Structure formats: C-alpha cells, structure tokens
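Q: The sequence isn't on hand, but the structure is:
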C-alpha cells in the first residue's frame, strides 16, 4: 500500500519514539540512545506484521498515564536541558551512553552467533573507549565503523522466542511480553559497572533526560499527524521490533512472525 511522505515520516517518528523513548525502551534497542531511523518499507511489511493486543483496554490506560507524566515532567525537564546545556556537551553525554550501549550490543551479537557484527562492534567500542576519551567522542562513526544495536529482547527473538502480546509498561512505554522478560538485563546493563548507588541513579536520570531531549522534535511531529496516537505507536513499535529481530528482513506475508 502506498503512503504519503507525511505518513512515512510519521511512521519513522513513531518507530524512534517507541524504541528509544527511555533508556530501557528497551530497546528497547537499548539505547544506544535514539538513532536516526529511516521510514520502513511498509508496502512489503504490513501483511507480515501481526499485532497481538489482547490487553488493549489496559494498555490504553497506561499509555494515557505515560503521556500525562511525559507532558508534566519529562518533556519540560528535557526542554530545559536542551535549552541550558550546549549542544556539544549534549553530544558528549549521548556518545558516552551510546558507547556503554555498544558494549551490551556486542554481548548480544555474541549470544546470537554473529561473529562479523560482533567484531565490528569490538573495534567500535575499543576505538571510542581508547581514542574517544572513554566514549565521549564518537571517533568510530567518523571513521565509518557501523553501529549494530542489539538488546536481549532481540537475542531472544533471534533464537525463536515468540514476541507475545503487546504491552504498555508504566513509565517505560511500549513493549511485548518477550521484551518485558528481557527488561531486567537490558535495564541493568547501563549501570552495572557503577557500584556507588547515588552515582548510578544520577547516571540513570541523566540518560533519561538526554534521551528524551533527543526526541523532542520527533514527538512533536507525532503529535501533529497521528489521529489515534496509541494505535499508531503500537503498530509502529511491533513492526519496528520485528524488523530489528530479522535484521531488517522480516518474513514474507504468511510467515510466522517472531
């Protein structure tokens, strides 16, 4: 089915929002903080993606709660952060957390048995950690080293664990049963190297604020184009997650989705 450019842009925006609204969106792809997402080729994928949403009533209630919290707290704080902190410093913060996420991606690539991508990520992490002053400079991207973002939910999907029903988590946003089961590991990774609790919590708060600030433009676009924001976000999330599990090559129509 053909879509207008504005609809494709909105779908890409929703994909960004769903996969990286918070550090655990987990990733969502685990953040790795929000990466630029290209609009998916929905003409081929629509028929292949099955949206399993038996908890829609509950999900809509939680979705509305999350929207209210975002409007009252996260968005104002993120806006203030963007306005007060110089862009170059925000870039350093994003790069630092992105480098931590790259290590987790490397672990998941190894678990998935993808040696080439794991090698690429090893070089990327080593380059940014050593030459990029602990990751605050993204030397690897400038050198053309590709980022392969993976999380434990993708690893479970790669090994055949079904996605299960769609589920909206309080504060954490869109998920599926499989991604929810993977959440403890995905959430715990970013701060696992910090033993001092106040420092760990401070880093978590900073990562949430930085991630939300990076999505201010995207979420503003989504607000202007989605008639039913819940359905739009849900469908984009499910499609995006399936694409990630299959490394951008989801099954043809009629195949069983992961």
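A: Cool, got the structure. Not measured: the values here are computed from a predicted model. Numbers count the residues shown, from 1 in each chain.

Q: which secondary structure elements does the strand or helix carrying residue 123 contact?
A: Taking DSSP states H and E as the definition, residue 123 sits inside helix 115-130. The contact analysis (3 or more C-beta pairs under 8 Å, 6 or more residues apart in numbering; DSSP states H and E) places helix 115-130 against helix 87-111, helix 139-142. Bear in mind the C-beta positions are built from the backbone N, C-alpha and C, glycine included.

Q: So which elements touch the helix or strand following the last one?
A: Toward the C-terminus, helix 139-142 is succeeded by helix 152-158 as the next helix or strand (DSSP H and E). Contacts defined by 3+ C-beta pairs under 8 Å, 6+ apart place helix 152-158 against helix 87-111, helix 177-189, helix 229-245.

Q: circling back to that earlier point, mind putting the helices and strands packed on helix 115-130 into a markdown table with mean neighbour count, distance to residue 53 and mean pLDDT?
A: Output for those, formatted as a markdown table (neighbours: other C-beta atoms under 10 Å; distance: least, C-beta to C-beta, whole Å; pLDDT from 0 to 100):
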| stretch | mean neighbour count | distance to residue 53 | mean pLDDT |
| --- | --- | --- | --- |
| helix 87-111 | 20 | 26 | 96 |
| helix 139-142 | 17 | 36 | 96 |
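
Q: Could you dump those helices into TSV and include distance to residue 168?
A: As requested, those are arranged in TSV below (distance: least, C-beta to C-beta, whole Å):
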stretch	distance to residue 168
helix 87-111	23
helix 139-142	32
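
Q: right, and these - which one's nearest residue 183?
A: Evaluated over the helices and strands packed on helix 115-130, closeness to residue 183 peaks at helix 87-111, with 12.9 Å, by C-beta to C-beta.

Q: Serialize the helices and strands packed on helix 152-158 to JSON lines and add fields for distance to residue 195.
A: As requested, the helices and strands packed on helix 152-158 are exported to JSON lines (distance: least, C-beta to C-beta, whole Å):
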{"stretch": "helix 87-111", "distance to residue 195": "15"}
{"stretch": "helix 177-189", "distance to residue 195": "13"}
{"stretch": "helix 229-245", "distance to residue 195": "32"}
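
Q: Compute the inter-axis angle for the helix holding residue 123 and helix 87-111.
A: On the basis of axes from the mean of the first three to the mean of the last three C-alpha atoms, to 10 degrees, helix 115-130 is oriented at 150 degrees to helix 87-111.

Q: Residues in contact with helix 115-130: which ones?
A: Residues from elsewhere that reach helix 115-130, judged by C-beta atoms under 8 Å, 6 or more residues apart in numbering: 95, 99, 102-103, 105-106, 109-110, 135, 137-140, 143, 145-148.
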